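Participant: Here's a sequence, model it:
(chains A and B)
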Amino acid sequence: MLRFLLTRFSLIIPTFIGMTLLAFFLIRLVPGDPIETMAGERGIDAARHEALLKEYGLDRPVLVQYGIYIGRVLHGDLGKSMITQSPVLTEFAALFPATIELALCAIVFALLVGIPAGIIAAVRRNSVFDHGVMGVSLTGYSMPIFWWGLLLILLFSVQLGWTPVSGRIDVKYYLEPVTGFLTIDALLSGEKGAFRSAVSHLILPTIVLGTQPLAIIARMTRSAMLEVLGEDYIRTARAKGLSTVRVVALHALRNALIPVITVIGLQVGVLFTGAILTETIFSWPGVGKWLIEAINRRDYPVLQGGVLLLGVVVMAVNLLVDVTYGVINPRIRKS
Amino acid sequence: MTSNATPLDVPVQVTHPHGPLREFWGYFSANHGAVAGLIFIVVIVLVAMFAPLIAPYPPDLTNNAVFLKPPAWQAGGSWAYPLGTDPIGRDILSRLVYGARISLLIGVAVVAIAIVAGIALGLISGFFRGPIEIAIMRLMDIILTLPSLLLAIVIVAILGPGIMNAMLAVVVVVLPHYVRLTRAAVISETSKDYVTAARASGATRLRLMFSEVLPNCAAPLIVQASLGISTAILDAAALGFLGLGAQPPSSEWGTMLADAREFVLRAWWVVTFPGLMILLTVLAFNLLGDGLRDALDPKLKR
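Facilitator: Residues are numbered from 1 along each chain as shown, chains lettered A, B, ... in the order given. The predicted structure follows:
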């Protein structure tokens, strides 16, 4: 087991180094040197330029610069935002809970709808329900979610007035951040209506962000379930006279869920991609919106640091999924 | 479904009465969704080709008299502008028709470049193994680790917004799929007897690569290409929506959506139609891809 853990862990080190290389060199692909880039359109006088080059170590060879960069990264120093002057890591840490809250809600929504839909579609194969689930799921998979979000706003916020258009909570509530998850903070604060407001702000972004994972999970559950339902032990269970519900829930589901768990792990990247668009549409103050704003303001340190941090998060989750999978399924561990 | 013949199947059935193409069409046409997808794609390709004949107006023609005119069937609309007009009085139908050119071009060009580059890198790493393979595959792993749109956004942010850079960014993001697919196929094919036989009879490495192994990797690549066009169109539209892809006044569908976003509260039609076109086109390519996979995958045939 320890050996398995160590191999898995050692595999991510080259990926991490590769990611730092990517983040380091991407910024250098911007035309002009980093000081000119930082100075922006206002320009900078030659003497100050010289001084800044020295200060940031930019007059040293590239490899030395990369060494310095790696050293800083490993100490948690990802540079400062050129706009706000606050450390990138601090900004990321302040905004990340909003993204996590949204992403968690989206994946829970996708699981709660996707797994039962996939199971029923598989059990009633070729029924109207099955074709419906497959059709809706392929549509969801093909959905441009930025448009889907606008449509939902148009219908539920504008026409029906059921949900707010944007933000995380009504401006009249001020909550002391404890967990960073506004739904939990609202409950902790005990302020009347705050929880309701936070939840109503979450509904549409959750649906929009959950749509693609939902489609993928429903399809995956259906095909995994179909495969398992054809196995001999299912026939045995049926032959014993067990009810369909019992066969499906106790015998088939456990085995069908193994590939589904892997797929859920792989959704992290999909979720972050979706979060960038969803947060932009709903003005959700998370890291996705932060990165898009950084691009529009040409705030390169934020971009560099943000990409590295998100990459590390995805890497960590993938590792976690791998390890969990190895723990659940000994066949993986041995190979 | 055979009564619902599209232009493509007629010559196929005549020239190859019992050939593999006929067999392929038999499997493919059994999948109604795939046929529907193919028909939609044929229609949209024709629309894109004959855009100047179909569109009632040039895509950039503004008309001061008609701002945000609703579609014809709504009160205030007229058949002069069937799908209404946008905030500066351009005909939405004409823009959608011309936009089909851009979106299809992006989809096809991105996949074409990604396939060529992916096959090259995949063949190299599958044949040469060793350090080259490790370097290529590690790089692909890194690209796959980062959220795809995030990487595309960063690339465009660095190179500058625009349709060419957006396409390049999408190529980089989708490339690993083709490299991995080709490499896996090459590795499984090279261990087979026919390759050993060819090698024993003195075939050069290049010959082995291109005339022996590559044709046998075609099926998964064709499927991936069809699914890849839908991903490319979707990602390019997302970049356009974020203001990083095709720039206004381009009638690329994602860019049209970005332009229309602030009018969502006043004019539903300016956001509804471009998005619907993206959805339908992406859906059609996904249906086609699913159908191709079912028809080409020998494991599912039995």
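
Participant: give me the element B:Gly245 is part of.
Facilitator: If you go by DSSP states H and E, B:Gly245 is not part of any helix or strand.

Participant: residues contacting it?
Facilitator: Contact partners of B:Gly245, counting by C-beta atoms under 8 Å, 6 or more residues apart in numbering or on different chains, are B:Val156, B:Pro161, B:Gly162, B:Ile163, B:Ala166, B:Ala236, B:Ala237, B:Ala238, B:Leu239, B:Glu252, B:Gly254, B:Thr255. C-beta coordinates here come from the backbone N, C-alpha and C atoms, glycine included.

Participant: how about the nearest residue to A:Ala275, chain neighbours excluded?
Facilitator: A:Gly288 (4.2 Å; C-beta to C-beta, 6 or more residues apart in numbering or on different chains).

Participant: my read is that neighbour is in a helix, agree?
Facilitator: Yes. A:Gly288: assigned to a helix according to DSSP: H, G, I helix; E, B strand; the rest coil.

Participant: Tell me where the model's unsure across the chain.
Facilitator: Going with chain A. Residue ranges of chain A with pLDDT under 70: A:31-34, A:37-43, A:56-57, A:329-335.

Participant: switch to chain B, that's the one I care about
Facilitator: Using pLDDT under 70, chain B drops low at B:1-18, B:298-302.

Participant: Pick out the residue of it closest to chain A.
Facilitator: Distances between chain B and chain A by C-beta to the nearest C-beta are smallest at B:Gly275, namely 2.9 Å.

Participant: Name the helix or strand for that residue, please.
Facilitator: Short version, using DSSP H and E: B:Gly275 is in helix B:268-296.

Participant: For that helix, what is the distance to the chain centroid?
Facilitator: Counting by C-alpha atoms, centre = their mean, to the nearest Å, helix B:268-296 is centred 10 Å from the centre of its parent chain.

Participant: List the buried residues in that helix.
Facilitator: For helix B:268-296, a neighbour-count test (16 or more other C-beta atoms under 10 Å in any protein chain shown) marks B:268-275, B:277-279, B:281-296 as buried.

Participant: So what's the residue count around residue 25?
Facilitator: Let's take chain A. By the criterion of other C-beta atoms under 10 Å in any protein chain shown, A:Phe25 has 12 neighbours.

Participant: wait, chain B
Facilitator: Number of residues near B:Trp25 (other C-beta under 10 Å) recorded here: 18.

Participant: again with A:Leu204
Facilitator: Neighbour count for A:Leu204, taken as other C-beta under 10 Å: 24.

Participant: try the one 10 residues further on
Facilitator: Around A:Leu214 there are 27 other residues, counting by other C-beta under 10 Å.

Participant: what does A:Thr244 give?
Facilitator: Residues within reach of A:Thr244, counting by other C-beta under 10 Å, total 10.

Participant: cool, the one 3 residues further on as well?
Facilitator: The criterion is other C-beta under 10 Å. On that basis, A:Val247 has 20 neighbouring residues.

Participant: Spatially, what comes nearest to it if we skip its sequence neighbours?
Facilitator: Closest to A:Val247 by C-beta to C-beta, 6+ apart is A:Ala237, at 4.8 Å.
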